[in-house]
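J.: Quick one, structure for this:
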Amino acid sequence: MYLVLFDCDGTLVDSQAMIVAAMEHGFRDSGLAPPPRARILSIVGLSLPVAVARLADGEPLDRQSAIVASYSKAFQRLRADPVEREPLFPGTREALERLAARADVVLGVATGKSRRGLDAVLARHGLAPLFVTLQTADDAPSKPDPTMVRRALVETGAEAGRTIVVGDTTFDMEMARAAGVRGLGVGWGYHPVERLAAAGAGRIVEGFAEVPGAVGALLGWHEEETPA
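T.: Residues are numbered from 1 along each chain as shown. Model (predicted):
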């Protein structure tokens with residue numbers, strides 16, 4: 001059995017508009033000037049308290065906690081807006097369904113989102129049935145700590161040598177490396193491809209249509225093979 005673990009923000013869905021808006025609100029609500037957009041996007045993938053600690057380095061813990069709380073409230077308000085603010089990247093659904101159709105493959109998610117946030121995204125897009133393991137910031141330390149991958153291995157019974165993390169940030173690639181699994185970088189997310197390569201990505205793809213083939217190449221199967 002093969003296990004394919006996907007990051008969420010910047011990999012499955014384009015949530016940058018919501019993340020930036022909520023973070024700007026969190027800082028302003030706490031009496032601080034918001035960081036530049038590029039700086040905010042650079043911490044996507046980390047668990048929220050860790051991300052805020054990096055962005056508000058030097059600020060007292062109570063102010064950092066206030067930013068976290070304000071961000072969370074703002075994000076929930078934005079998610080309730082009927083306008084689609086976390087769209088799937090092109091080709092996401094088709095690639096996931098192609099992988100899930102293989103009898104020898106199981107899919108999972110490893111994300112810095114909360115479980116509530118992840119559940120909302122998967123429900124909105126009807127993707128929940130495709131995933132057998134969901135690892136979130138509620139149950140594990142922030143990436144690049146390997147705990148989320150290790151928990152997914154235990155839950156699914158998969159072996160590290162037959163597991164891959166698909167993500168858009170160096171945190172994903174570093175988590176994969178720390179867990180002893182392979183990493184596949186995607187070029188449409190929040191970290192430059194050069195950084196993904198330096199962080200240990202075994203391969204980098206530029207479109208979701210390339211993901212099934214790249215996963216198969218890195219894990220040792222070919223997409224045209226008949227599913228086991």
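
J.: Convert the longest helix seen in the chain to PDB, retaining C-alpha atoms only.
T.: Among the elements of the chain assigned as helix by DSSP state H, the one spanning the most residues is helix 61-80. Listed in PDB are the C-alpha atoms of helix 61-80, where the atom choice follows Å, rounded to 0.1, in the frame of the first residue of the first chain:
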ATOM      1  CA  LEU A  61       3.000  36.600  24.300                       C
ATOM      2  CA  ASP A  62      -0.300  38.200  25.300                       C
ATOM      3  CA  ARG A  63      -0.300  40.300  22.200                       C
ATOM      4  CA  GLN A  64       0.700  37.300  20.000                       C
ATOM      5  CA  SER A  65      -2.200  35.400  21.600                       C
ATOM      6  CA  ALA A  66      -4.600  38.300  20.800                       C
ATOM      7  CA  ILE A  67      -3.500  38.300  17.100                       C
ATOM      8  CA  VAL A  68      -4.100  34.500  17.000                       C
ATOM      9  CA  ALA A  69      -7.600  35.000  18.400                       C
ATOM     10  CA  SER A  70      -8.500  37.900  16.100                       C
ATOM     11  CA  TYR A  71      -7.100  36.100  13.000                       C
ATOM     12  CA  SER A  72      -9.300  33.000  13.800                       C
ATOM     13  CA  LYS A  73     -12.500  35.100  14.200                       C
ATOM     14  CA  ALA A  74     -11.800  37.000  11.000                       C
ATOM     15  CA  PHE A  75     -11.100  33.800   9.100                       C
ATOM     16  CA  GLN A  76     -14.300  32.300  10.200                       C
ATOM     17  CA  ARG A  77     -16.200  35.400   9.100                       C
ATOM     18  CA  LEU A  78     -14.600  35.200   5.700                       C
ATOM     19  CA  ARG A  79     -15.300  31.500   5.300                       C
ATOM     20  CA  ALA A  80     -19.000  32.200   6.000                       C
END
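
J.: how far does that helix sit from the chain's center?
T.: 19 Å (Cα atoms, centre = their mean, to the nearest Å).

J.: tell me what the first helix or strand past that helix going along the chain is packed against?
T.: Downstream of helix 61-80, the first helix or strand assigned by DSSP states H and E is helix 92-100. Judged by 3 or more Cβ pairs under 8 Å, 6 or more residues apart in numbering; DSSP states H and E, helix 92-100 is in contact with strand 105-110, helix 211-219. Quick note: C-beta positions are derived from backbone N, CA and C, even for glycine.
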